[in-house]
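A.B. asks: Build the 3D model from these lines:
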Amino acid sequence: MTSVRTRFAPSPTGPLHMGGVRTALYAYLFAKQHNGQFILRIEDTDQNRYVPGAEEYIIEALTWCGIIPDEGVGFGGPHMPYRQSERKEKGFYRQYADQMINAGHAYIAFDTPSELEAKRKEAEAAGNHTWQYDNHSRLSMTNSLTLSAEETAKRMANGDAYVIRLKVEPGTTVTFTDMVRGEVSFDSNLVDDKVMIKADGMPTYHLAHIVDDIMMEITHAIRGEEWLPSAPAHILIYQYLGIADKMPQYAHLPLLLKPEGNGKLSKRDGDRLGFPVFPLEWKDPVSGEISSGYREKGYYHEAFVNMLAFLGWNPGTEQEVFSMEELIKAFSFERVHKAGARFDPEKAKWFNEQYLRQQSDESLAAHFVDQLKEKLGAEDARANMQFATAAVRLVKDRIHFEHEMIGMSTCLFESPTTYDEKVVAKRWNDKAKTFFAALPAQLNTVSDFTAENTKLAFEQLAAQQELKPGDVLQMFRVLVSGQGSGLDLFGMVALLGKEEVNKRIEAGRAALN
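C.D. replies: Prediction:
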């Protein structure tokens, strides 16, 4: 059996959208599941849209995600070069185009952009708003089908600009089996004569990806469903070249949809709703505009990949948290949806939260120490692993990201200066004043100042004063932290220590009396 070989072939026209990362991920998972190879190819044939730094961004993004190519740009391999502009210089694409011309499946077209635009406007004026260059219109255009061989050769010799177009034969049904959608059929009468070689000599995607897939022995081509309408032209190119038996299996993935409303997920949606659509932060080399990235927002790469895997696929079980190894074992195109996958930014946070909770307290504490040193100063006595580990245990289940640890734990190193007004209005009464006047002395009797022991002392004093613990519990939290809700109260009290807690109780009483 031929080894499975998949590829990801982005264009370096800007930052890599998360939808592109998902395409790469599915191609990678399928290849690895079958002990195959995953190839990175850069499709830079549209030089007008080339953006400096985009290629490096693509490689860095895939590397961060753990989607590591076996071959490709930046990784080497037996099919170099993997950059289409370099492959064009070797004449790979033109020889296939010439083969199709000689076989009568392609032709030279000299129509200028202005002539094509005039044709479109003429058609629109006649009520045809879907004009295209195809078997219906080609014989009214300026091309090698309407010109003599001598005139065609003369024009080419004179340096007239021309493109090479696919010649689609009418009256046939183009059928192929898609790994996601099953059998798909198209009427060739509706397929346009796509440009395969542009006037600058560069191939278009329609020809280039086929030539490269053949030469690189790609067995499965995974791409977005936006390419589905072009699929019949691609199938025909394989047939016209006589290599239909070497055509990879296609899988057209569902669109990623915006969180609300209709349409594809775009950068504009992310800007409007406050979430990234790119794996890494991107700085536009021309405008200087910075677009946020999942890495810089504090997402674990494992969480980002896990979230992406579920945008269009599910394992058929209740399990949602998957390592890369588990995804490789579980993934199948049979369970990829045909319908679009709606992105939920809150679910993305949920995935990150799951991975954060898998981190050891010590690992998080090591990162938290750095945050404490930045916040409190390197010399502060609390900027150590012991304090940080205890603090992590209090905040770990209440945050989505590591960078939230410092904000969530502010009450552990800053005494309150304001007190929750709603709780004070409801709970700060004569009984509470009497209770908290006595509480510092009660806490002073606790020799081993643990959460359990301080809670017991608190409840004993409440019982002595014929109070339910609930009558004064929230007010205790407010005096210690200023907040009506938050971290585990007695865990916080134990970490702050007897002296600091009593100091805060007295300061609160003074402020509120």
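
A.B. asks: Tell me the helix or strand right after the helix or strand bottoming out on mean pLDDT in the chain.
C.D. replies: Counting by mean pLDDT, DSSP states H and E, the weakest-scoring helix or strand in the chain turns out to be helix 267-273, with a mean of 87. Using DSSP states H and E, the helix or strand that follows helix 267-273 in sequence is strand 282-283.

A.B. asks: how about the strands of the chain, start to end?
C.D. replies: Taking DSSP state E as the criterion, the chain carries its strands at 5-8, 37-40, 71-72, 106-109, 163-166, 173-178, 182-187, 195-197, 220-224, 249-253, 256-257, 282-283, 290-291, 341-342.

A.B. asks: Quick check: buried residues in the least confident helix or strand of the chain?
C.D. replies: Burial within helix 267-273, assessed by neighbour count using 16 or more other CB atoms under 10 Å, is assigned to 267, 269-270. For glycine as for every other residue, the C-beta is placed from the backbone atoms N, C-alpha and C.

A.B. asks: ditto for stretch 405-417
C.D. replies: The neighbour-count criterion (16+ other CB under 10 Å) identifies 405-406, 408-409, 411-413, 416 as the buried residues of stretch 405-417.

A.B. asks: now do stretch 359-368
C.D. replies: Within stretch 359-368, judged by 16+ other CB under 10 Å, the buried ones are 364-365, 368.

A.B. asks: Return the subset of the residues you listed lying in helices.
C.D. replies: Counting by DSSP state H, the buried residues of stretch 359-368 place 364-365, 368 in helices.

A.B. asks: Restrict stretch 326-333 to CA atoms and write it as PDB.
C.D. replies: Once side chains and other backbone atoms are set aside, the C-alpha atoms of stretch 326-333 remain, and they are given as PDB (Å, rounded to 0.1, in the frame of the first residue of the first chain):
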ATOM      1  CA  GLU A 326      -5.300  10.800  21.400                       C
ATOM      2  CA  LEU A 327      -6.500  13.000  18.500                       C
ATOM      3  CA  ILE A 328      -4.300  11.000  16.100                       C
ATOM      4  CA  LYS A 329      -5.800   7.800  17.300                       C
ATOM      5  CA  ALA A 330      -9.500   9.000  17.300                       C
ATOM      6  CA  PHE A 331      -9.600  11.300  14.200                       C
ATOM      7  CA  SER A 332     -11.600  10.200  11.100                       C
ATOM      8  CA  PHE A 333     -13.100  12.000   8.200                       C
END
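
A.B. asks: and Gly171, how many neighbours?
C.D. replies: Other residues lying near Gly171 total 8 when counted by other CB atoms under 10 Å.

A.B. asks: can you check Pro113 too?
C.D. replies: Pro113: 9 neighbours (other CB under 10 Å).

A.B. asks: Give me the number of neighbouring residues for Arg382.
C.D. replies: By other CB under 10 Å, 18 other residues sit near Arg382.

A.B. asks: which residues sit in contact with it?
C.D. replies: Listed by CB atoms under 8 Å, 6 or more residues apart in numbering, the contact set of Arg382 reads 372, 376, 412-413.

A.B. asks: Please apply the same query to Ala462.
C.D. replies: With contacts taken as CB under 8 Å, 6+ apart, Ala462 has the following neighbours: 435, 468-469, 471-472.

A.B. asks: Please report the distance of Phe38 from Gly66.
C.D. replies: Using CB to CB, to the nearest Å, we find Phe38 at a distance of 12 Å from Gly66.

A.B. asks: Quick one: the helices in the stretch 351-500 of the chain, in order.
C.D. replies: Under the criterion DSSP state H, counting those that start in this stretch, the stretch 351-500 of the chain contains helices at 361-376, 385-395, 405-408, 421-427, 430-444, 451-464, 469-481, 489-496, 498-512.

A.B. asks: picking up where we left off before, Serialize the buried residues of stretch 359-368 to CSV and add fields for distance to Asp98 and pLDDT.
C.D. replies: Formatted as CSV, these follow (distance: CB to CB, whole Å; pLDDT from 0 to 100):
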residue, distance to Asp98, pLDDT
Leu364, 62, 96
Ala365, 66, 95
Phe368, 64, 94
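
A.B. asks: So which of those is the closest to His209?
C.D. replies: Leu364 (44.6 Å; CB to CB).

A.B. asks: Verify the stated contact: the closest one with Glu404.
C.D. replies: No - taking contact to mean CB atoms under 8 Å, the distance of 11.1 Å between Leu364 and Glu404 leaves them out of contact.

A.B. asks: got the buried residues for stretch 180-195?
C.D. replies: Counting neighbours by 16+ other CB under 10 Å, the buried set in stretch 180-195 is 180-181, 184, 186, 188, 190-195.

A.B. asks: Also stretch 232-240?
C.D. replies: Residues 232-238, 240 are the ones in stretch 232-240 that count as buried (16+ other CB under 10 Å).

A.B. asks: Kindly export it (C-alpha atoms) in PDB.
C.D. replies: As requested, C-alpha coordinates have been extracted for stretch 232-240 and formatted as PDB (Å, rounded to 0.1, in the frame of the first residue of the first chain):
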ATOM      1  CA  PRO A 232     -14.700  19.700 -11.200                       C
ATOM      2  CA  ALA A 233     -12.000  21.700 -13.100                       C
ATOM      3  CA  HIS A 234      -9.300  20.000 -11.000                       C
ATOM      4  CA  ILE A 235     -10.800  16.600 -11.700                       C
ATOM      5  CA  LEU A 236     -10.800  17.300 -15.400                       C
ATOM      6  CA  ILE A 237      -7.200  18.400 -15.400                       C
ATOM      7  CA  TYR A 238      -6.200  15.100 -13.900                       C
ATOM      8  CA  GLN A 239      -8.300  13.300 -16.500                       C
ATOM      9  CA  TYR A 240      -6.900  15.400 -19.400                       C
END
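
A.B. asks: average pLDDT across that stretch?
C.D. replies: Summarised as a single mean, pLDDT over stretch 232-240 is 97.

A.B. asks: Where does the prediction get shaky in the stretch 51-200 of the chain?
C.D. replies: Screening the stretch 51-200 of the chain residue by residue with the criterion pLDDT under 70, one finds no matching range.

A.B. asks: which stretches of it form helices?
C.D. replies: According to DSSP H, counting those that start in this stretch, the stretch 51-200 of the chain carries its helices in the segments 54-65, 84-89, 92-102, 113-125, 149-157.

A.B. asks: out of these, nearest to Gly484?
C.D. replies: Relative to Gly484, the nearest member of the helices of the stretch 51-200 of the chain by CB to CB is helix 54-65, separated by 40.0 Å.

A.B. asks: what's in contact with that closest one?
C.D. replies: So helix 54-65 is in contact with 8, 10, 12-16, 21, 24-25, 40, 42, 44, 68-69, 73-74, 278-280, 282, 295, 301, 304-305, going by CB under 8 Å, 6+ apart.

A.B. asks: same check, this time on stretch 77-95
C.D. replies: Everything outside stretch 77-95 that qualifies as a contact, by CB under 8 Å, 6+ apart, is 39-45, 47, 70-73, 196-197, 201-203, 207-208, 211-212, 215-217.

A.B. asks: mind redoing it with 6 Å?
C.D. replies: For stretch 77-95, the surrounding residues in contact (CB atoms under 6 Å, 6 or more residues apart in numbering) are 41-45, 71-73, 202-203, 207-208, 211, 216.
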